[in-house]
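Asks: Build me a model:
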Amino acid sequence: MTLDHFLPRVYGGEDVRDNLVYCCHACNEFKGDYWEVDPNLRLLHPLLDDLTLHYPKQGDGILLALTECGANHLLTLMLNRPELIAFRLEQNEIALLRPLDRALRQKLQDAQKTTYQLETELERMERNVDDNDWRQRRCELMY
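Replies: Residues are numbered from 1 along each chain as shown. As a prediction, the model looks like this:
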């Protein structure tokens, strides 16, 4: 990730929190010193704009613009590059697998708890058998 000035310094952008955004090196290169005052052609601020109003997430990883501003943003930053589509597809897969992962972790935890309880019960039973064995031998020795 690189640190980018949302409003480029050549247009008066300052080193203030609201003007600094993290982006990948490629997006930073594609953006360069781009700045447009026309609201339909401006770039979207990743922290201040609701990006889903301009291009919602799709299941196939491709971003489709709903607004002219969103279309310009996607085109300028080339956000439908193959590597980004692949990344979004991977993120979709991970999101689908999270509930399964949580369920499996819970089952494993339950199985470990049951195993511990069974081992504890087995140890208790073995001690009981040993105690009974010892009592029986003692009785045999006494008589």
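
Asks: now the worst-scoring helix or strand of the chain on mean pLDDT, how far from the chain's geometric center?
Replies: Least confident helix or strand of the chain, by mean pLDDT, DSSP states H and E, is helix 82-142 with a mean of 88. Mean-position distance between helix 82-142 and its chain equals 27 Å (C-alpha atoms, centre = their mean, to the nearest Å).

Asks: what does stretch 17-28 give?
Replies: Distance, centroid of stretch 17-28 to centroid of chain: 20 Å (C-alpha atoms, centre = their mean).

Asks: Equivalent analysis for stretch 21-37, please.
Replies: 24 Å.

Asks: can you tell me the distance between the two ends of it?
Replies: Chord length of stretch 21-37, first to last residue, is 19 Å (C-alpha to C-alpha, to the nearest Å).

Asks: tell me the mean pLDDT over it?
Replies: Averaged across stretch 21-37, the pLDDT comes to 93.

Asks: quick one: contacts of it?
Replies: Applying C-beta atoms under 8 Å, 6 or more residues apart in numbering, the contact partners of stretch 21-37 are 1-4, 6-8, 10-11, 42-43, 45-47, 72, 76-79, 81. The C-beta positions use only the backbone N, C-alpha and C, and glycine is treated the same way.
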